[in-house]
Every structure is written in structure tokens, then in C-alpha cells.
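Novice: take this sequence and fold it.
(chains A, B, C and D)
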2 protein chains.
Amino acid sequence: MARKQSAPDCGLHAALAVLGGKWKPAILCELHRGPARFGALKRQVLGISEKVLFEQLRELESTGVVLRTVLDPAPPKTVEYSLTPAGAALTDAVQTLVEWGQHHVRIRASAPQSSIAS
Amino acid sequence: MARKQSAPDCGLHAALAVLGGKWKPAILCELHRGPARFGALKRQVLGISEKVLFEQLRELESTGVVLRTVLDPAPPKTVEYSLTPAGAALTDAVQTLVEWGQHHVRIRASAPQSSIAS
DNA sequence: CCGTATCCTCTACGATACTG
DNA sequence: CAGTATCGTAGAGGATACGG
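Specialist: Residues are numbered from 1 along each chain as shown, chains lettered A, B, ... in the order given. Predicted coordinates for the structure are as follows:
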């Protein structure tokens, strides 16, 4: 995604360009708990493929929310990914949305106002 | 979007399922300014096609953030779309993200830390 | 004016295998 | 372990035309 939008409504556009996509939320969520290596992320995020994990990581890196650090350049090199201050601020800003989501789910679960699911 | 995710990290999943997609943010942004008719939205959101606008509107309606009201059932019928209380709460919750986005953009504009856009 | 149907494109995402 | 390359797929989104 991160396609070009006709009218950049606001900063929302920028924010969604960063945490948009199928896996970025999960990745950010993991990194929010602390730094992690590539393999660790791959294991924690589950269903994700190496290729996609990498792409997402590079995008997150290029948007300045994730930091890539090479711990050991030796053949079986180890690299660590962590949140930048901006990334931390983002995951923090997202909390409001998280709460809305949780609340929203509960409301709809108890009071179905229209035909939603079968 | 609204695809199935391996691990519903949190309420974020729910929130993104609602404002995910290419146009929903823009649509929600417009409705945030007040109720609008189909044609009005079509005009304001610009690049969007009727089909997509409709799909998005229906999804927003089914997730309970947008309300559809038929004002005049007569042949050239008029319909109005507006935010439900939940929708208003959402656009409000999103403000934090908007601010982050705006701030983030300014930071990166003044201090490019890596190669981002061309 | 509002809504629906059809068809087509584009790209994010997926599976896998290989190199340093 | 980390990163790259290749090939394939599904589905969101786009253009357009018709119907109530």
C-alpha cells in the first residue's frame, strides 16, 4: 500500500502509510515489547514468510520507526531490530485506537444494531 | 484488507479493520465534517469510483461507524451518510495518530536520517 | 441521484530455494 | 542466522455502463 492518495486528508495518511499493510501492526507490536532479532520476529509473528517480513522491516526502517543494528557481522551474523523514538511514539499513539477497537468490539458483541454477521 | 490475521495482536486489529483500505480514512474524514450525500462524497473524495465508494460505505455501515439514511425514496432518491456515535469516537481516537503523523512528517522533512523517497 | 454489475489491472502477499 | 531471488496467487481497487 502506501499508494498515492488524491487528497492527503491529514497526518492520518502518513500514519497509515507506516502501520498499514497486513503484518506491520504485528511486527510493531512485537518490537514494542522490546528489541528482537530477525529469527525471533519470524517465530513470533508466525504465519509470515521471510520475504514479507523483510520487506515490511525495510519499509518500517525507511519510514524511520524501526532501527536495524548489526550485532555480529560474522558469517552467521546476528542483527537486531528495535523501535526508534518515533516508533515508540507511534505505538504509543496507537494505544488510543487499540482501546477504541476493544471497546467497539465489546459494544457490537452485546448490542448488534444492524445485520452484520450471519 | 480486513483479512484474517494469525494473531489478533489487540484491538488494533479491530480498529484497522474499520479504517483500513485505501479510501476509508478519506471518507471518514469527510463525514467527520458532517453528514453528506452519496454524490457529495463522490465529489469530495475525488479519485474514487462509484463502485468502490459504495463498497467502502457498506463496510463502514456494517462495522457500525456510519449510518445510512434515506431522505427521499422517490425515483431520484436522496440518501445521507453520517457518523454513528461509534464512528465519531473513532475519528476522535484517530486524532492522536493524526498528530503523530503530522509531527513525524515534519521531523523527517527536516532531518532525513536515511534514503526515503525519491 | 443512487445503486449494481461486469470486467480488468495491479500489487501486496505467499512458497520456496539458494547464498554469505 | 540473515538476506536475496523467483515465480505464483488472490483480492482490493479502477473504469464503465446500465437500472430503479
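
Novice: isn't A:L31 right up against A:V66?
Specialist: Yes. Using Cβ atoms under 8 Å, A:L31 is in contact with A:V66, at 6.6 Å. Placement of C-beta: from N, CA and C, glycine included.

Novice: hey, what's in contact with both of those two?
Specialist: Both A:L31 and A:V66 are contacted by A:81-83, A:87, under the criterion Cβ atoms under 8 Å, 6 or more residues apart in numbering or on different chains.

Novice: among those, which ones are in strands?
Specialist: Counting by DSSP state E, the shared contacts of A:L31 and A:V66 place A:81-83 in strands.

Novice: sort out which one of these lies nearest B:I107 for me.
Specialist: Proximity of those to B:I107 (Cβ to Cβ) peaks at A:L83, which lies at 14.9 Å.

Novice: and the gap between the residue lying closest to that closest one once chain neighbours are set aside and A:S82?
Specialist: The spatial neighbour of A:L83 that comes closest, neighbours along the chain excluded (Cβ to Cβ, 6 or more residues apart in numbering or on different chains), is A:L31 at 5.0 Å. Between A:L31 and A:S82 the computed distance is 6 Å (Cβ to Cβ, to the nearest Å).

Novice: and the two? which has more neighbours close in?
Specialist: A:L31 (24 against 14; other Cβ atoms under 10 Å in any protein chain shown).

Novice: what's the next secondary structure element after the host helix or strand of that one?
Specialist: A:L31 is located in helix A:24-32, with elements delineated by DSSP states H and E. Scanning forward in sequence from helix A:24-32, with DSSP H and E defining helices and strands, the next element found is strand A:36-37.

Novice: which element follows that following strand toward the C-terminus?
Specialist: Next along the chain after strand A:36-37, taking DSSP H and E as the criterion, comes helix A:38-45.

Novice: check which residues of that next one are buried.
Specialist: If you call a residue buried by 16 or more other Cβ atoms under 10 Å in any protein chain shown, then helix A:38-45 has these buried ones: A:38, A:41, A:44-45.

Novice: give me the subset of those touching DNA strand D.
Specialist: Filtering those for proximity to DNA strand D (criterion: Cβ under 7 Å from any atom of the strand) leaves A:F38.

Novice: pick out whichever of the buried residues of helix A:38-45 sits closest to chain B.
Specialist: Proximity to chain B was ranked across these by Cβ to the nearest Cβ; first place goes to A:V45, at 7.3 Å.

Novice: thought that closest one was touching A:L53?
Specialist: Yes. In this structure A:V45 lies within contact range of A:L53 using Cβ under 8 Å: 6.7 Å.
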